[in-house]
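In: got a predicted structure plus its sequence, pasted below:
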Amino acid sequence: MTTGPNTPDQPHEQQGQPGQQSPPPGYGTPPPYGQQSMPPQQMPPHQMPPPNGPLQQQPMRPDEEKLWAVGAHLGPILLGFIAPLVVWLVFKDRSAFLDRHGKEALNMQISYMIYFLVAGISLILLVGFVLLPVVGIAWLVLMIVASVKAANFEDYRYPLIFRFIG
């Protein structure tokens, strides 16, 4: 008797009830959720788990931190409060510097939305014709100052804003 790749070494034993055949290899019940069905060495490359477990976030480089901090302060010119909100939510866990600058920029944008609303309503009283340009110039100048401070890796606290997000 020859043993080769097509002939089994031992006869196939039936398990379970008589007359019931066991499923062919690879067609058994799936493993419970989260468990592997085969050792990682035998898994196809696209199914192998990452070598260090789940994906871990890399610490940020200083040039990346500077770029995103400046973006949090100047982004509202195009995107409003969405820019600092996105920067803060995405990077707050990866960088304490971006956490501080993102929160500060977001608080500033929310505060100045309120200031613009009040100045717009005060147009009825004619005071708004002076107040609205003053608020607009302060908004722009303070964002530029904060961006320069962020580019120099300095913390900056906007004056006269509400700290909604602490």
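Out: Sure, I can see it. Numbering: from 1, shown residues only.

In: so where do the helices sit in the chain?
Out: Assigned by DSSP state H, the helices in the chain fall at 62-74, 76-79, 82-91, 96-121, 128-151.

In: mind checking which of those helices is nearest residue 164?
Out: Closest to residue 164 of the helices of the chain is helix 96-121 (C-beta to C-beta; 5.6 Å). C-beta coordinates here come from the backbone N, C-alpha and C atoms, glycine included.

In: rounded mean pLDDT for that closest one, please.
Out: Here helix 96-121 scores 94 as its mean pLDDT.

In: packing partners of it?
Out: Under the contact definition 3 or more C-beta pairs under 8 Å, 6 or more residues apart in numbering; DSSP states H and E, helix 96-121 sits against helix 62-74, helix 82-91, helix 128-151.

In: can you redo those helices as a markdown table with mean neighbour count?
Out: Below are the helices and strands packed on helix 96-121 laid out as a markdown table (neighbours: other C-beta atoms under 10 Å):
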| stretch | mean neighbour count |
| --- | --- |
| helix 62-74 | 20 |
| helix 82-91 | 19 |
| helix 128-151 | 16 |
